[in-house]
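> I would like to see how this sequence folds:
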Amino acid sequence: MSSPKCVTVTCVRRNAESSTEDHSRPASELAPLRIIKLRTVYYGAATIAIVTAAVIIWLWREAGNSPQLRIDAVRTGFTVGFGAGGALALILAARRQWLQERSQDHQERAKLLDHQHLERVASATEHDTRSRRITELYSKSLDQLGSEKAVVRLGGLYALERLAAENPPHRQMIVNVICAYLRMPFDYILDPSVSQDELAVRLAAQRILEKNLYSGGAVSQSTGPTYDSQRKEIDIDLSGASLVDFYFVHCRVGRAMFDRSHFFGNRTLFTGTEFEQAWFQDATFHCPTFIEDAATSDIFLNGACFEDDFCFNRSVVRRGAWVHGAKFLKNSYLVEAKFDGKADFAESKFEGDVSFDGARFSQPSRFSGATFRAATSFDDVDLAALVDLAFDKKIVRRQTESPLLTRFDKKTDPNG
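The predicted structure follows:
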């Protein structure tokens, strides 16, 4: 007889429950099978034989001396034995079928896990390859930006532009690099005839910034900024930069820093741009500046100097406009501007004509200490907090030969 072997035996109900549980488990967490020795099977066969014999003996005694009944007793006893054996065989067959199905299911799930693993490996490999490529292009672009040749620097800028277009998650990093380049010292402030090559590079950098921040639409005057809470806005930091013909038209920016910056050229445009915050503290605008149809939550113009015309027509400020101590050396237009929060124009100096016609002030606003040296118009101004405005305190007006024109025509007083 062959060497002892081990077999697996379990009840059908237990098998069904285990099968149901196995389908909800990963292939690596299948419950281990219970195994028993071969003698257990022998014990089962012996038990069937004993039960068969007991049935035959019991029926034999009940049959008495009748030959026919004794034959029926033997037949019945063996029938019971064969039935019990058949039941055991059926259980073993069911067990064998369940094992085969379990094995097949395990193999299929193992293949699925292998496939998923291969996909993860491929994805990780692709990600690593992409990351290395981005790093290489980024490093190469930085090297190009440090070149002494303008054409090489231009190539570096356009490589960064392509990198930003193909990899949106890296846009903020690339914008930071371009802003850092524009913050580098530039002699335009001292010598307008500075190298045209460097000027061309800087103009290209500005255009790339505008392209990456372009929103493609106008600002709604009824709702103002329409920030998407699911979208991360790009911040820019151009503090102390010298910018020439700076155009940000219909752009969408997070926090924009222009503190101490200088704006040169024919004009500066922020038309239709949405800011989360706009900082222009101590900035100097050497050319006409247009921040029209724009929108922002906060704008900081403290100490800013506008050497040419300033236009803020139809722009919306949601929280606060801080214009304390700003200088407007030529004409200023804030027609139909909307200030939903506090507006602080205290100590500001308006040297040219000023128009606040149709402007809307929703909260207390300060003009104390402001200087108006030319015609000033507040025609059709809706002053919701008229009693809190400081027009009656320390408004300085230089006496000139011609009378100063300051109008508050058609103003709306909420108290009637």
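> make it CA atoms for all contacts and neighbour counts henceforth
Noted.
> residue contacts, Ala337?
Going by C-alpha atoms under 8 Å, 6 or more residues apart in numbering, Ala337 touches 312-316, 356, 358-360.
> and the longest helix along the chain, average pLDDT?
Longest helix of the chain, by residue count under DSSP state H: helix 67-145. Here helix 67-145 scores 80 as its mean pLDDT.
> let's number from 422 now, not from 1
Happy to do that; since the first residue is 422 now, the last one works out to helix 488-566.
> summarise which helices and strands it is packed against.
With contacts taken as 3 or more C-alpha pairs under 8 Å, 6 or more residues apart in numbering; DSSP states H and E, helix 488-566 sits against helix 433-444, helix 459-484, helix 571-587.
> closest one to Pro606 among these?
Closest to Pro606 of the helices and strands packed on helix 488-566 is helix 571-587 (C-alpha to C-alpha; 15.6 Å).
> centre of the chain to the next helix-or-strand element following that closest one, how far?
Per DSSP states H and E, helix 571-587 leads on to helix 592-604 as the next helix or strand towards the C-terminus. Here the centre of helix 592-604 is set off from its chain's centre by 19 Å, with C-alpha atoms, centre = their mean, to the nearest Å.
> pick the most buried one from the helices and strands packed on helix 488-566.
By mean neighbour count, with neighbours taken as mean count of other C-alpha atoms under 10 Å, helix 571-587 ranks first of those at a mean of 19.
> helices or strands next to it in the packing?
Short answer (3+ C-alpha pairs under 8 Å, 6+ apart): helix 571-587 packs on helix 488-566, helix 592-604, helix 617-634.
> what comes up buried for stretch 560-568?
562-563, 565-566 (16 or more other C-alpha atoms under 10 Å).
> I should have written stretch 511-530 there, sorry.
So for stretch 511-530, counting by 16+ other C-alpha under 10 Å, buried means 512-513, 515-516, 519-520, 523, 527, 530.
> which residues touch Ser568?
Applying C-alpha under 8 Å, 6+ apart to Ser568 gives the contacts Arg574.
> try 10 Å
562, 574-575, 577 (C-alpha atoms under 10 Å, 6 or more residues apart in numbering).
> do Lys759 as well
Neighbouring residues of Lys759 by C-alpha under 10 Å, 6+ apart: 642-643, 645, 716, 733-739, 779-783.
> repeat for Phe760
Listed by C-alpha under 10 Å, 6+ apart, the contact partners of Phe760 are 718-719, 736-742, 780-784, 786.
> only the buried subset of those, as a PyMOL command please.
Here is the PyMOL command that picks out the buried ones among the contacts of Phe760, judged by 16+ other C-alpha under 10 Å:
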select buried, resi 718+719+736+737+738+739+740+741+742+780+781+782+783+784+786
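> which of the contacts of Phe760 lies closest to Gly686?
Nearest to Gly686 out of those is Ser736 (C-alpha to C-alpha; 23.0 Å).
> check what pLDDT that closest one gets.
In this model, Ser736 is scored at 95, pLDDT.
> same deal with Glu587?
85.
> where does the stretch 722-837 of the chain dip in pLDDT?
803-837 (pLDDT under 70).
> again, only this time at 80
The stretch 722-837 of the chain contains residues with pLDDT under 80 at 785, 802-837.
> for Phe766, the count of nearby residues, please.
22 (other C-alpha atoms under 10 Å).
> check the contacts of Ser568 and tell me the two furthest apart.
Top of the distance list for these (C-alpha to C-alpha): Ser562 and Leu575, 9.6 Å.
> now for the two: what residues contact both?
With C-alpha under 10 Å, 6+ apart as the test, Ser562 and Leu575 both reach 568, 581.
> picking that back up, closest to Ile712 out of the buried residues of stretch 511-530?
Closest to Ile712, out of all of the buried residues of stretch 511-530 and judged by C-alpha to C-alpha, is Arg530, at 62.5 Å.
> re earlier: got a markdown table for the helices and strands packed on helix 571-587, with distance to Ile657 too?
Listed next are the helices and strands packed on helix 571-587 as a markdown table, based on distance: least, C-alpha to C-alpha, whole Å:
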| stretch | distance to Ile657 |
| --- | --- |
| helix 488-566 | 18 |
| helix 592-604 | 7 |
| helix 617-634 | 9 |
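> coming back round to it: out of the contacts of Ser568, who's nearest Val665?
Leu575 (16.7 Å).
> mind checking the SS state of the residue nearest to Phe696 when sequence neighbours are not counted?
Distances taken as C-alpha to C-alpha, 6 or more residues apart in numbering put Thr717 closest to Phe696, at 4.5 Å, once the chain neighbours are dropped. Three-state call for Thr717 (DSSP: H, G, I helix; E, B strand; the rest coil): strand.
> just give me the neighbour total for Thr717.
24.
> need the pLDDT of it.
At Thr717, the pLDDT value in this model is 94.
> quick check: bridge partners of it?
For Thr717, the beta-bridge partners are Phe696, Val738 (DSSP bridges).
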